[in-house]
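A predicted structure for the sequence below; I have some questions about it.
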Amino acid sequence: MLTNAALRLIEERTGHAFKDADRLERALTHSSARAGNSSQAGDTDYERLEFLGDRVLGLVVAEMLFSVFPKADEGELSVRLNALVNAETCAAVADELGLFEFIRTGADVRQLADKRLMNLRADVMESLIAAIYLEGGLEVARAFILRHWQGRADGGQARRDPKTELQEWAHQQGGAYPVYVVESREGPDHDPLFIVKVTVGDFEPGYGRGRSKRMAEQEAAEQVLYRQGVWSRGSPDE
């Protein structure tokens, strides 16, 4: 159970006074902490809350972008949305709030590589948004999200989805088309790791790792884009 001191710290950092401490604890609990009791799935971990929080975040950010960029077309808005709701951004907000010290996991999960821990922090960020939404409704959730996401939306170029970028580049190389293949799937069901290879014609293939096939595909696409000089480190597209 969360201690009173921990609860006060979370409330201070989020600016929200939580009425349901049990729900907040679920929002901070990874499925690996169930100690193998799969019958409790959804009742003791953040998975259901993450599902809801992802949709609330997407709605609020989409509404914000629609207002902030009145001349942007659907394509640009989609690119900006993806950049603001991806795992990297959600994990960055979680880090700003210092949430990691409160997350409950199984002992094995704490030893995961940094990128997989990034996904864990991102998931908790979304589940926390759901907990706030369920207590205060959309207006309270919106205020929380705008406080931490609005500054990230202002100015700058949005990063394009690497799979889209690679597909367009491949088409310019004589009509080639990226082909993604899952090389392997490792790890437990609650925290899988996919390894994906992408090939584009006769070019050297790219490889990516991720908690989902899509994330692994995106990393593989990025590898090719950087290697072929389509993207450069430190460029607006990075």
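Arrived safely.

okay, now the domains of the protein?
Listed domain ranges for the chain are 4-153, 162-227 (source: automatic domain parsing).

I'd like those laid out as JSON lines, including mean neighbour count.
(C-beta placed from N, C-alpha, C; glycine too.) Below are the domains of the chain laid out as JSON lines (neighbours: other CB atoms under 10 Å):
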{"stretch": "domain 4-153", "mean neighbour count": "17"}
{"stretch": "domain 162-227", "mean neighbour count": "17"}
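
Mean pLDDT for the ones you listed - can I get that in JSON lines?
Output for the domains of the chain, formatted as JSON lines (pLDDT from 0 to 100):
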{"stretch": "domain 4-153", "mean pLDDT": "87"}
{"stretch": "domain 162-227", "mean pLDDT": "88"}
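
Surely residue 105 touches residue 123?
No. Using CB atoms under 8 Å, residue 105 is not in contact with residue 123, being 10.9 Å away.

what touches both of those two?
Residues within reach of residue 105 and of residue 123 at once, by CB atoms under 8 Å, 6 or more residues apart in numbering, are residue 30.

How much space separates residue 119 from residue 147?
Distance check for residue 119 against residue 147: by CB to CB, to the nearest Å, it reads 23 Å.

which ones are touching the residue nearest the centre of the chain?
Taking CA atoms, centre = their mean, the centroid of the chain lies closest to residue 87, which sits 1.9 Å from it. By CB under 8 Å, 6+ apart, the contact set of residue 87 is 118, 119, 122, 215.

helix, strand or coil for residue 82?
For residue 82, the secondary-structure state derived from DSSP: H, G, I helix; E, B strand; the rest coil is helix.

State the number of residues packed around the residue lying closest to it once chain neighbours are set aside.
Of all residues not flanking residue 82 in the chain, residue 161 sits nearest, at 5.8 Å (CB to CB, 6 or more residues apart in numbering). Counted with other CB atoms under 10 Å, residues neighbouring residue 161 total 17.

Give me the pLDDT value at residue 161.
With respect to pLDDT, residue 161 scores 76.

Give me the contacts around the host helix or strand of residue 196.
Assigned by DSSP states H and E, residue 196 belongs to strand 193-199. Contact with strand 193-199 is made by 116, 166, 178-187, 205-213, 215-217, 219-221, 224, as judged by CB under 8 Å, 6+ apart.

Filter those residues down to the ones in strands?
Counting by DSSP state E, the contacts of strand 193-199 place 179-186, 206-210 in strands.

Does the residue lying farthest from the centre of the chain belong to a helix, a strand or coil?
In terms of distance from the mean C-alpha position of the chain, residue 174 ranks first, at 34.0 Å (CA atoms, centre = their mean). Of the three states, residue 174 takes coil under three-state DSSP.
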